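Asks: With the input below, show me the fold.
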Amino acid sequence: MSIDITRLPSGLTVITDTMAHLETAALGVWAGVGGRDEKPNEHGISHLLEHMAFKGTTRRSSREIVEEIEAVGGDLNAGTSTETTAYYARVMKADVPLALDVLSDILANPSFVPDELEREKNVIVQEIGAAQDTPDDVVFEHLNELCYPDQPMGRSLLGTAKTLKAFNRDTLRGYLSTHYRGPDMVVAAAGAVDHKRLVEEASQRFSGLESAPGPKPQPAMFGKGGSRVVHRELEQAHLTLGLEGVPQSDLSLFSLQVFTNVLGGGMSSRLFQEVREKRGLCYSIYTFHAPYADTGFFGLYTGTDPADAPEMMEVVVDVINEAVETLTEAEVARAKAQMKTGLLMALESCSARAEQLARHILAYGRPLTVEELVARIDAVNVDSSRNAARGLLSRSQPAVVALGSGRGLDTAVSFAEGLTRSKAKARLH
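Replies: Predicted coordinates:
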C-alpha cells in the first residue's frame, strides 16, 4: 500500500492509497459538514442536499447520472452524518476519471430543478414517517434530544416536514456555497488508482471551490441527563442510556473504546453474557462510543418485555458499575484483539480504506498510519481502561429513555438515573 497526499491551492486535499493487486477502486468526496452545522431554520438541509445531488446537474439528468456509472458496472451512493457528508463510487480502475467527473458534476453543477426538489422533499417526508414507525430510531431520537438539548446535535438528520417545506433551490445553493469549501473537503481513493492522475483530474474539476474555510459549528454541550418515558403500544420496551464520552483527540479514546467493547461490544461481552445468556431478559443488547470533534457519545441499547424492564435496567447498571472495578486482563486482551482485527480487515476493503483516509484528514489533518493505530491499541491496559470508565461515569449525569407501554418503564429509568451516578460518586471519594 502507498499513501500519497496532495493539497490543492483551494485547500482541497486529495489522498490515495494505491493497492496494486486490485482491479477496482473506491473513491469519493467527503465534506466536513453535517447535521450539527445546521441552524434551526436549516434543520434537515444537509440530508436533503445529499439526496438532491443525484437529481440532475446542468450536464446530466438524474437518469444519466446513474446510467453512466452503472453502464461500466460501478455503483454510486452518498450518506449524511452528524459531522460529514460523503458522495462516493466504486468502479473498475479504467473508470476512475468517469467516477470523479460524475462526483464533481453533482457537487459543482447541481440543477436543483424545482419539480425534482419537491418530489425529493416528499420522499424524505416518507423517510421520516418510516423512521417514526421504527422503535429503534424513535428511542435514539429522543435520547439525542436529551443528551444535546436545543442543539443541532440533538436533532434528527432528516429534518421535519415543516423545515423541509421551506427549502428551495436558493437555500440549497446558499448552504452549498457556505459549507462546501476547499479546506473542508477531501477527495479520497483507494485501490487501483493513480494518484498523479487523480490530482490532475481533481484540480480541473474542483477549480471553482472557495479557498476560505466555512463556518465552524457551535460547540457541543452535553445535557444535564435525566429521563424520558415515551408511551407507545409496542410488544417490547426499548431502553437506551447515554453518557458524555470523549472527543476524537482525547488520549483516553482507545482505553474507553476497549471498556465499551468489554461491556457490550459482542457476544462475549459482560452485558450480553449476563443479561441475555444467563437471565434471558433480551434478544439484543449492545454499547457503543461515538467520538466527535469536541465531544463524545456513549450509548447503550436493549429491548425487553415491559414487565422485565425494571429488572433489566437494574442488572445493566450493576454490570456497568461492577465492570469498572473488576475489568480483567483477559477481557482487555480480547477487546484489543477485536479492535485490531477490525482495523486490519478494513484495510482489505478499498471502500472502507477510502472512507478511513477521508475521515482521518477531516478529524486529524493527516492519515494515521496502521502502525500508529495498532500502537495506540496495544498501549491500552487494565488500569487505563478502568480510568477511562471511571471518567465516563463521573463526567455527566446519565440520560435515559424508555419507549413502550406498561408501568415498569418509570421504575426502569429511575434505576438507570440513580444507581450509575451514586456509585460513580462513591468511587471518587
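Asks: low pLDDT regions in this structure?
Replies: For the chain, the stretches with pLDDT under 70 are 1, 418-429.
Asks: Just give me the residue closest to the centre of it.
Replies: The chain has S81 as the residue nearest its centroid, 5.4 Å off, counting by CA atoms, centre = their mean.
Asks: so what's that residue up against?
Replies: G34, G35, L157 (CB atoms under 8 Å, 6 or more residues apart in numbering). C-betas here are computed from N, CA, C, even on glycine.
Asks: Was I right to think the second one contacts T84?
Replies: Looking back up the chat, that one is G35. No. Look at G35 against T84 with CB atoms under 8 Å: they stay out of range, at 9.8 Å.
Asks: any chance you could map the strands in the stretch 151-300 of the chain?
Replies: For the stretch 151-300 of the chain, strands defined by DSSP state E, counting those that start in this stretch occupy the ranges 185-191, 226-231, 237-244, 285-291, 296-304.
Asks: What is the burial count for S62?
Replies: Number of residues near S62 (other CB atoms under 10 Å) recorded here: 18.
Asks: Hmm, I typed the wrong one, I wanted A337.
Replies: Other residues lying near A337 total 12 when counted by other CB under 10 Å.
Asks: Please, which helix or strand holds the closest residue to A346 other than its chain neighbours?
Replies: Take A346 and drop its neighbours on the chain: the residue closest to it by CB to CB, 6 or more residues apart in numbering is A352, 4.1 Å away. Per DSSP states H and E, A352 falls inside helix 350-364.
Asks: Could you check the angle the helix or strand immediately after that helix in the chain makes with helix 350-364?
Replies: Counting by DSSP H and E, the next helix or strand C-terminal to helix 350-364 is helix 370-378. With axes from the mean of the first three to the mean of the last three CA atoms, to 10 degrees applied, the angle from helix 370-378 to helix 350-364 works out at 70 degrees.
Asks: Which neighbouring elements make contact with helix 370-378?
Replies: Secondary-structure packing of helix 370-378 (3 or more CB pairs under 8 Å, 6 or more residues apart in numbering; DSSP states H and E): helix 253-264, helix 329-346.
Asks: Y180 touches L107, doesn't it?
Replies: Yes. Taking CB under 8 Å as the definition, Y180 is a contact partner of L107 at 6.6 Å.
Asks: What are the structural domain limits within the chain?
Replies: Listed domain ranges for the chain are 2-205, 226-428 (source: automatic domain parsing).
Asks: Next, the distance between the ends of the first one.
Replies: This points to domain 2-205. Criterion CA to CA, to the nearest Å; first-to-last residue distance in domain 2-205 is 24 Å.
Asks: element containing A89, please.
Replies: Element membership for A89 (DSSP H and E) is strand 85-92.
Asks: which residues are contacting that strand?
Replies: Taking CB under 8 Å, 6+ apart as the rule, strand 85-92 contacts 23-31, 33-34, 46, 49-50, 53, 69, 72-79, 98-99, 102-103, 106-107, 192, 350-351, 354-355, 358.
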